[in-house]
Every structure is written in C-alpha cells, then in structure tokens.
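1. Sequence and predicted structure are below.
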Amino acid sequence: MGFFDKLFGKKEKETLDQGLQKTKESFLNKITKAVAGKTTVDEEVLDSLEEALVSADVGIDTTVQIIDRVEKRVARDKYLNTSELNGILQDEIRGVLVDAPESNSYSFQSALPSKPYVILVVGVNGVGKTTTIGKLAYNFKKAGKSVLLGAADTFRAAAVDQLTIWSERVGVPIVKQAMGSDPAAVAFDAVASGVSRGAEVIIIDTAGRLHNKAHLMEELAKIRRSVQKVIPDAPHEVLLVLDGSTGQNALEQAKHFTATTDVTAIAITKLDGTAKGGVVLAIANQFKIPVKFIGMGEKMEDLLVFDKHEFVDSLFSLG
C-alpha cells in the first residue's frame, strides 16, 4: 500500500483516479506527443506542454507560470529523458497549488477547531452547492460528528426542498422557514438551534445569485452579522462551491464571490467525466485560496478531501 493509499484510503484513491480519467487521458496524450522523439526540451516541446495545460483548462496565467518554472528547471537540471520531464512538471504543478492550513492532515475525522463549527456555503445555482452540503453532512456524520443544516436559500422553494431531502437521507436535523423568509433570520435560527442541540457542525446554505453583486454582498454580510449574534467568531469557514466542468466560467464565478465575501476555502464539483480538471490549478493559483474538497460523482461518498500531492499523482497516473 502506497503513501496516498495510507493517507486517503484505497477506495478514495480509486475514486480520484477514475474521476480524473478524461482529464489525464487528454493531458498525458498531449505530453507524450510533445516529447516524442525528443532528447532535449526545446521551444517546440515547451509550446506543446503549454498547449496541453491550456487544453486542460489550467488557464493562461497559471500555464505561463508553470512553463516558466519548467524552463528554468530544465536549464538548471539538464533534462535527460521523458520521465525526468514528467517529474519536473509534477513538481511545478504542485508548486502552484495552495495548501490548506490543515494540509496533508485534514480529514472529516479531524478534531474541529471550534464547536460548533459553522460553515457558510456560497455559490451560484446549479453548481452542486446543495448536493455538496448533503455530502459534507454525510461525511461529518459518518465520522461521528453531530450535524445541523440551515436552509437560508429562501428565494427558491426547490433549494429548501432539496436540502430537506438531503437532511432526511443523511439523517440530520434541518432548520428552515417559508420561502421568501429573511435568509439572515434562518441563519440565526440555525446557529441558535445548533447551539441548543449541542451540534458540532452547522452548515448553512445561501442563495446562489450573481445578477446584483452589491445585493449579494449585503445579504452575505447580513447573514454573517446574524450568526455572530450567537457565536461572535462565526462563520468559521466560508466555502465557495464551483462547477469544475464549466472550466473558465468557474473562474469568473470565483472572481465575483471572492470580491464580495471573505471566501476561506473552495469545493470544486463535477470533476468526474470532464477533461477540464486543470481548472483546479487555475482557481487555486489565481485566488490563493485552498481547494478543500472535490466532487467526483453522485454518491454521498464521492466528496473527497483535496490534497495536492494526491491530485497530481492521479493526474500523471497511467492506470
């Protein structure tokens, strides 16, 4: 059993390998073609590597950084063969990924930094925000932690209904009000209820709209003030959920949300079945915010704790 298997479990590693299949097939195929018949890294090889990174939705800015670092390493280390180039490329890709504070040690079983631990979840409609909340609740509960959900996306009846279904599936309580209720009031009630019940984790859903950034900022600020009436240092985490299959569009959404609220961590969903897995690199590098979770399927177990070493290892795995 290898290092990654010991740290994340064989099942989680297999899920990641399978989820990144389309991205790595496209990516590795282009890398192989770039170095075919080459004994040294010349401009043509670097151009081909750049194309491979861009096609995986790594983004222009991040790609330029990686290629520049590779070029400097090649000049210094005197590149000899393809496997060495792969090693250098992996090192530099890991270098652009931002570590979470709990890097390489975080899991759902980890001790919580605060009890109750309040997570405010933000993101536009359709990215898998509510599903991610359900998966978080499942994984925290599976790890033995008591969880409560707050349905503060009160502008869509479907959002409250969907979160209610997840609460029933996972078997955790939910605090909700009628559609159109004040989101801040729901958030307040959720945190107050969580405290009275002795909940260890409180996860609050928020409305997913971007048409009016000023209104979004005002609403999120109001929610923050409401929960702080109960717990002064809450929320302890503001988790932005992005749809990885949308590639560069996910970057645009990240720009809006990071401009309007203090995002502390990112969850990237729907990475399975897309060749755009490189967007993880672009998002982490551009916003300097750690990617904490990645979604690799529909099942409740398919939300994985992100680790850059495991991610890069899977990206370059031929299995």
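-> Ah, there it is.
2. Show me the helices in this structure, by range?
-> In the chain, the segments counted as helices under DSSP state H are 3-8, 10-19, 21-35, 43-55, 60-77, 82-96, 129-142, 157-170, 183-197, 213-228, 248-260, 279-287, 308-315.
3. can you put those in a markdown table and add mean pLDDT?
-> A markdown table is the format used below for the helices of the chain (pLDDT from 0 to 100):
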| stretch | mean pLDDT |
| --- | --- |
| helix 3-8 | 43 |
| helix 10-19 | 83 |
| helix 21-35 | 81 |
| helix 43-55 | 86 |
| helix 60-77 | 88 |
| helix 82-96 | 83 |
| helix 129-142 | 96 |
| helix 157-170 | 93 |
| helix 183-197 | 97 |
| helix 213-228 | 87 |
| helix 248-260 | 87 |
| helix 279-287 | 89 |
| helix 308-315 | 87 |
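4. right, and those helices - which one's nearest Lys176?
-> For Lys176, the closest of the helices of the chain is helix 157-170, at 5.4 Å, according to CB to CB. All C-beta atoms are positioned from the backbone trio N, CA, C, and that covers glycine.
5. Which positions within the closest one qualify as buried?
-> Ala159, Val160, Gln162, Leu163, Trp166, Ser167, Val170 (16 or more other CB atoms under 10 Å).
6. quick revisit: so which of the helices of the chain gets nearest Phe293?
-> Of all the helices of the chain, helix 129-142 sits nearest to Phe293, with 7.2 Å by CB to CB.
7. Next, the buried residues of the closest one.
-> So helix 129-142, judged by 16+ other CB under 10 Å, has buried residues 129-141.
8. Send me that helix as PDB with only the CA atoms.
-> Output of helix 129-142 as PDB, limited to C-alpha atoms (Å, rounded to 0.1, in the frame of the first residue of the first chain):
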ATOM      1  CA  LYS A 129     -24.000  23.600  -3.900                       C
ATOM      2  CA  THR A 130     -26.900  21.800  -2.100                       C
ATOM      3  CA  THR A 131     -25.600  18.400  -3.000                       C
ATOM      4  CA  THR A 132     -22.100  19.300  -1.700                       C
ATOM      5  CA  ILE A 133     -23.800  20.400   1.600                       C
ATOM      6  CA  GLY A 134     -25.500  17.000   1.800                       C
ATOM      7  CA  LYS A 135     -22.300  15.200   1.100                       C
ATOM      8  CA  LEU A 136     -20.500  17.200   3.800                       C
ATOM      9  CA  ALA A 137     -23.200  16.400   6.300                       C
ATOM     10  CA  TYR A 138     -23.000  12.700   5.400                       C
ATOM     11  CA  ASN A 139     -19.200  12.600   5.800                       C
ATOM     12  CA  PHE A 140     -19.100  14.600   9.000                       C
ATOM     13  CA  LYS A 141     -21.900  12.400  10.500                       C
ATOM     14  CA  LYS A 142     -20.100   9.200   9.300                       C
END
